[in-house]
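A.B. asks: Curious how this folds, go ahead:
(one chain, ligands or ions: 1)
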Amino acid sequence: MSPKSDLCETCKIMKLEIQYATEHEKKLEIIEKYLAHLNRAKQERDYYNSNIKRAVEDGKCNLNTTESQVLYKTFKGSAHIIYD
Ligand SMILES: [Zn+2]
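C.D. replies: The predicted structure is shown next:
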């Protein structure tokens, strides 16, 4: 594992727990949890990055009629909003 300074609190605590766990079973258990946590963090980051890319792409073709732009073009369509 390369040293990183952007570890979150959970990472820090888990790393310490792994370091100080005396029972082998316990250590494995924490390592498993730690890996799951890292994986989750990676998924969040990927999701975030892909959303940025998508937003940029959407912005580029905002003036064109593309399928992804349907939501921006609702003014020409009919919208019926009913308030009670
Ligand atoms: Zn973390």
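
A.B. asks: Give me the secondary structure label for Ile82.
C.D. replies: For Ile82, the assignment made with DSSP: H, G, I helix; E, B strand; the rest coil gives coil.

A.B. asks: got a list of what it touches?
C.D. replies: Neighbour list for Ile82: empty [criterion: CB atoms under 8 Å, 6 or more residues apart in numbering]. All C-beta atoms are positioned from the backbone trio N, CA, C, and that covers glycine.

A.B. asks: per-residue pLDDT, it?
C.D. replies: pLDDT recorded at Ile82 is 72.

A.B. asks: Name the secondary structure element that contains the residue nearest in space to the middle of the chain.
C.D. replies: Residue closest to the average C-alpha location in the chain (CA atoms, centre = their mean): Glu44, at 1.8 Å. Using DSSP states H and E, Glu44 sits in helix 24-60.

A.B. asks: same deal with Leu7?
C.D. replies: Using DSSP H and E, no helix or strand contains Leu7.
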